[in-house]
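In: give me a model of this one.
(2 chains)
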Amino acid sequence: MSQAFLFYFFAAVAVLSALGVVFHPRPARALLCLVVTMFALAVHFTLLGAYFVAMAHLIVYAGAVLVLFLFVIMLQGAGAREIALHQRFNIIYLFPAGLVSLLLAGGLIALIRGGAFRALQIVEGTAENIGTLLFNQYLLPFEWTSLLILLGVFAAIALAKKDAA
Amino acid sequence: MIPATHYLILSAVLFSIGILGVLIRRNILLILLSIELMLNAANLNLIAGSAMHGRLDGQLSAFFVMVVAAAEVTIGLAIAVLLFRQKNSVDTHEIKELKG
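Out: Numbers count the residues shown, from 1 in each chain, chains lettered A, B, ... in the order given. Sure thing, here's the model as predicted:
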């Protein structure tokens, strides 16, 4: 029962703060809304038994990625402000919004009608279980990710160098 | 027990809020933030799928998505800083050089 309460409460928190990310006029506050979304999502991951992924998610997102974003946004100061949505609203904007809503509504109706009502069988994703699977079955993709991160570091240095051509 | 469908619905709602952000925001950093939101909605979907099938593979996929997202943020932010240095603005309407 308390699990259901946790789910619905943090689902509401996640959706509301996600709306804050999209609609808040001040970039730094939109970013702090995303931090709230990340924490709510970490609660959902924990409820689903993905303990390791939830902790990694908190460390990587709330701890590193969003702080990096915050630095960049604060470095830009007033330059990062944007014109409020209602001041540049155009009737054309309604078409992509309507398309997205139609797709979403169609998908949700198909989902609810067509079953997929499978009972959850929660597997505990502890560090031990995840590590065993990662270093046996998924060893090669894991090594590829290290190469990807290395390339990302090279690209970031090459881009951010002052005298880059 | 919460039905699996509710997780999928929550993930779909978060994903479409992310699409909305990409469509209506004009600050390139906030577009990147909305992309992060979409990636995390996909992660929630993967982990819910993992619990639906009683396997751990979905959780590992979410882990790999996180790694790719970290690399994407590194390069995206470097490009945003470079743009800001050159144009003194992060508005997508100021970036017109790519127009044919």
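In: any idea how far B:Leu33 is from A:Leu148?
Out: If you measure A:Leu148 against B:Leu33 using C-beta to C-beta, to the nearest Å, the figure is 21 Å. In short, each C-beta sits where N, CA and C put it, glycine included.
In: ditto for A:Ala127
Out: In this structure, A:Ala127 and B:Leu33 are 29 Å apart, going by C-beta to C-beta.
In: of the two, which one has the most company?
Out: The residue with the greater number of neighbours, taking A:Ala127 and B:Leu33 and applying other C-beta atoms under 10 Å in any protein chain shown, is B:Leu33; the counts read 27 against 12.
In: in a helix, that's where the more buried one is, yeah?
Out: Yes - according to DSSP: H, G, I helix; E, B strand; the rest coil, the state of B:Leu33 is that of a helix.
In: grab the nearest non-local neighbour of it.
Out: Taking C-beta to C-beta, 6 or more residues apart in numbering or on different chains as the measure, B:Leu33 lies nearest to A:Leu34, with 5.6 Å between them; neighbours along the chain are not counted.
In: is chain A contacted by whichever helix in chain B runs longest?
Out: Across chain B, the helix with the greatest residue count (assigned by DSSP state H) is helix B:57-87. Yes - under the criterion of C-beta under 8 Å from any C-beta of the partner chain, chain A is reached by helix B:57-87 at B:57, B:59-60, B:62-64, B:66-75, B:77-82, B:84.
In: buried ones in the lowest-mean-pLDDT helix or strand in chain A, by neighbour count?
Out: Comparing helices and strands within chain A by mean pLDDT, DSSP states H and E singles out helix A:94-113 as the least confident, with a mean of 81. Residues of helix A:94-113 classed as buried: A:100, A:104, A:108, A:111 (neighbour count, 16 or more other C-beta atoms under 10 Å in any protein chain shown).
In: picking up where we left off before, show me which of the residues of helix B:57-87 next to chain A are buried.
Out: By neighbour count, with 16+ other C-beta under 10 Å, the residues of helix B:57-87 next to chain A hold B:59-60, B:62-64, B:66-67, B:69-75, B:77-81, B:84 as buried.
In: what sits against B:Ala51?
Out: Taking C-beta atoms under 8 Å, 6 or more residues apart in numbering or on different chains as the definition of contact, the neighbours of B:Ala51 are A:48-49, A:120-123, B:4, B:7, B:58.
In: of these, which pair is most distant in space?
Out: Of all pairs drawn from the contacts of B:Ala51, the greatest distance, 14.7 Å, lies between A:Val123 and B:Tyr7 (C-beta to C-beta).
In: these two: who's more crowded?
Out: The residue with the greater number of neighbours, taking A:Val123 and B:Tyr7 and applying other C-beta under 10 Å, is B:Tyr7; the counts read 23 against 19.
In: which residues of chain B score low on pLDDT?
Out: Of all residues in chain B, those with pLDDT under 70 make up the ranges B:99-100.
In: and for A:Met38, the neighbour number?
Out: A:Met38 is flanked by 22 other residues according to other C-beta under 10 Å.
In: kindly report the same for the one 5 residues further on.
Out: Applying the criterion other C-beta under 10 Å, we find 17 residues in the vicinity of A:Val43.
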